[in-house]
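Engineer: Got a sequence here, can you model it:
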Amino acid sequence: MANGVESQQKIDYVFKVVLIGDSAVGKSQILSRFARNEFSLDSKATIGVEFQTRTLVIQHKSVKAQIWDTAGQERYRAVTSAYYRGAVGALLAYDITKRQSFDHIPRWLEELRSHADKNIVIMLIGNKSDLEDQRAVPAEDAKEFAEKEGLFFLETSALEATNVEAAFMTVLTEIFNILNKKNLVAGEDQGKSNGPPPSGKRIVIPGPAQEIPAKSSMCCRS
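Structural biologist: Numbers count the residues shown, from 1 in each chain. Okay, the predicted model is just below:
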């Protein structure tokens, strides 16, 4: 009787994506804007870990995004290895009005890279772009850092819903494409997959977008 409902709920892929960065940069607001299209001005600090899901269609496939949000406070850092396990994407967030939150990004990136899969797709996010008059981090600084580290980069505003959808969709689509390429080259000679990454409008730096074996992915960084 319920097979009609079940067929509608068929999920082709589940992608786990983690949100990391200092507390109070707006991670929970970015998540609720993406998952439920909501924004709450009196949001409380996240305690421990929580996640929300949203199912979308990418290239005719049903993809469930499982987005994990963590408290940025030090005392919850013990959760790291379980938090990062199985994550195929990450959004690394800072607040454009708080220089310190951007200065901490290299530390977060280091933690991410030591716990997560080598081929994880990472997007750097400068949140609160609606507070331009209080800007403390020039977009150029963040863009330069993203290019150097092989990350995607966007400035977002969870309040105004600017670029939140684009940030998640860029990461999810990139994961989807990498997965599809892996499926395509699985039966082929691996030597054929050492070419340059596909060119596109987005910045694709050697790193997560390369389809070469993980252990040699550092060889192409300049």
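Engineer: What's opposite A93 in the beta bridge?
Structural biologist: Beta bridges link A93 to I125 when assigned by DSSP bridges.
Engineer: how many neighbours does it have?
Structural biologist: By other C-beta atoms under 10 Å, the residues close to A93 number 28. C-beta here means a position set from N, CA and C on the backbone, and glycine is covered the same way.
Engineer: Any regions of this structure where pLDDT drops low?
Structural biologist: Applying pLDDT under 70 to the chain picks out residues 1-9, 41-48, 71-80, 186-222.
Engineer: so where do the helices sit in it?
Structural biologist: For the chain, the helices defined by DSSP state H occupy 3-8, 27-36, 80-84, 99-103, 105-115, 139-149, 164-185.
Engineer: can you redo those helices as TSV with distance to L56 and mean neighbour count?
Structural biologist: TSV is the format used below for these (distance: least, C-beta to C-beta, whole Å; neighbours: other C-beta atoms under 10 Å):
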stretch	distance to L56	mean neighbour count
helix 3-8	14	8
helix 27-36	10	22
helix 80-84	23	16
helix 99-103	29	17
helix 105-115	24	15
helix 139-149	24	15
helix 164-185	7	18
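Engineer: Tell me how far P138 lies from T55.
Structural biologist: Look at P138 and T55: by C-beta to C-beta, to the nearest Å, they are 37 Å apart.
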